[in-house]
Every structure is written in structure tokens, then in C-alpha cells.
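S.K.: all I have is the shape, not the residue letters:
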């Protein structure tokens, strides 16, 4: 006797619906969790209209969360966390710019640390910019540091030596 279930139109429809749903991204998971907390804390309905209003207020324009850039994720999430923490008042262009800079800085620092060990990064920062704390560098300087780190990593790999 076979244990295989008979395929019916109802089973096929249920299977097709499951198959079409794409996996949720890390950004989306954080976004929807934060949105749920936002609605709960501010006693707002948890629906699409509220989500659209959040996006409009945070970014200053309408955009689907499916099309957000890294910077737009940063801005919308920071806006919701700002409101969750009880901060009222206008969310200004200056707030958006501050989030953009912080987000870009964090991403650059992550990429840099991924390339080179911490001690060696401090050495490069001293050689190139005469600073011990490379985290204080401007974003263009961080990009220069990242490129230098990549080149030094490649040179070390070619020579078969470790960077310490």
C-alpha cells in the first residue's frame, strides 16, 4: 500500500502559495519587528496605511520597503526607534542626514575590519593619516583606509606573509 497522498486541486493551490513566497530578508525581519513595536508603543493600527505614513514621515517621500536602499533602511528604522523611545517633535532633514552618515560610517568600518586585523588597521591609520583611532576619520578617509587595507592584504598574500 502506498503512503503517497493523492494530489488534489486544493493541495496544489496550497503548495503553490507556499512556493511563491520568497524568504524574508534580514532587513525586512528587523523592519517588521520594529514596526510592530512602534504600533504597540504608540497605540497605532498595525496596517499598511500606518507603514506608508511611517515611511513618508521618515524619508520625506513615499517608497516601497521592497525597494529601500541600505541608507533608507537606516533612516526608517532609526525614525521608528526614535519615536518608540518617546521622542516627539519634527523629524527633520538634519536627522535624516545624521542617520545617513552614521549608517555609511558603520558599513565602511565593518568592511574595513573584515579586511585587516585591528592592530594593523591602527598602524595604517597612523602611517597614512597620523591618527591612532581610525574610527574618527571622515568617510572619504575611511574609504582611502579601506582601499589601502585591501592593497596591503593583497601584497601580503602575494608574499605569503601574515598581517598582524
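M.R.: Okay, I see it. Remember, predicted model here, so these are calculated numbers, not experimental data.
S.K.: what residue lies at the spatial centre of this structure?
M.R.: residue 70 (5.2 Å; Cα atoms, centre = their mean).
S.K.: residues contacting residue 153?
M.R.: 115, 116, 163 (Cβ atoms under 8 Å, 6 or more residues apart in numbering). The way it works is simple: take the backbone N, C-alpha and C, and place the C-beta from them, glycine included.
S.K.: quick one on the thing from earlier: any idea how far the residue nearest to the centre of the chain is from residue 104?
M.R.: The gap separating residue 70 from residue 104 is 8 Å, by Cβ to Cβ, to the nearest Å.
S.K.: and residue 59, by the same measure?
M.R.: 16 Å.
S.K.: picking that back up, got a winner among the contacts of residue 153 for most neighbours?
M.R.: residue 116 (21 neighbours; other Cβ atoms under 10 Å).
S.K.: related to what we said a few turns ago, nearest to residue 43 among the contacts of residue 153?
M.R.: The nearest member of the contacts of residue 153 to residue 43, counting by Cβ to Cβ, is residue 115 at 45.9 Å.
S.K.: my guess is the closest one contacts residue 151. True?
M.R.: No: the pair residue 115 / residue 151 is not scored as a contact, 9.9 Å apart, by Cβ atoms under 8 Å.
S.K.: for residue 53, which residues are in contact?
M.R.: Per Cβ under 8 Å, 6+ apart, neighbours of residue 53: none.
S.K.: give me the pLDDT value at it.
M.R.: Looking at residue 53, its pLDDT reads 93.
S.K.: dump the contacts of residue 153 to CSV, plus pLDDT.
M.R.: Formatted as CSV, the contacts of residue 153 follow (pLDDT from 0 to 100):
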residue, pLDDT
115, 76
116, 81
163, 70
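S.K.: so which of those comes closest to residue 25?
M.R.: Looking across the contacts of residue 153 and measuring by Cβ to Cβ, the closest to residue 25 is residue 115, at 24.5 Å.
S.K.: so, low pLDDT: which residues of the protein?
M.R.: When residues are selected by pLDDT under 70, those of the chain lie in 1-23, 88, 164.
S.K.: how is it partitioned into domains?
M.R.: Here the domain parsing of the chain from automatic domain parsing is 24-91, 107-164.
S.K.: could you dump these to TSV with distance to residue 100?
M.R.: As requested, those are arranged in TSV below (distance: least, Cβ to Cβ, whole Å):
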stretch	distance to residue 100
domain 24-91	5
domain 107-164	10
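S.K.: I'm done for today, thanks for sticking with me.
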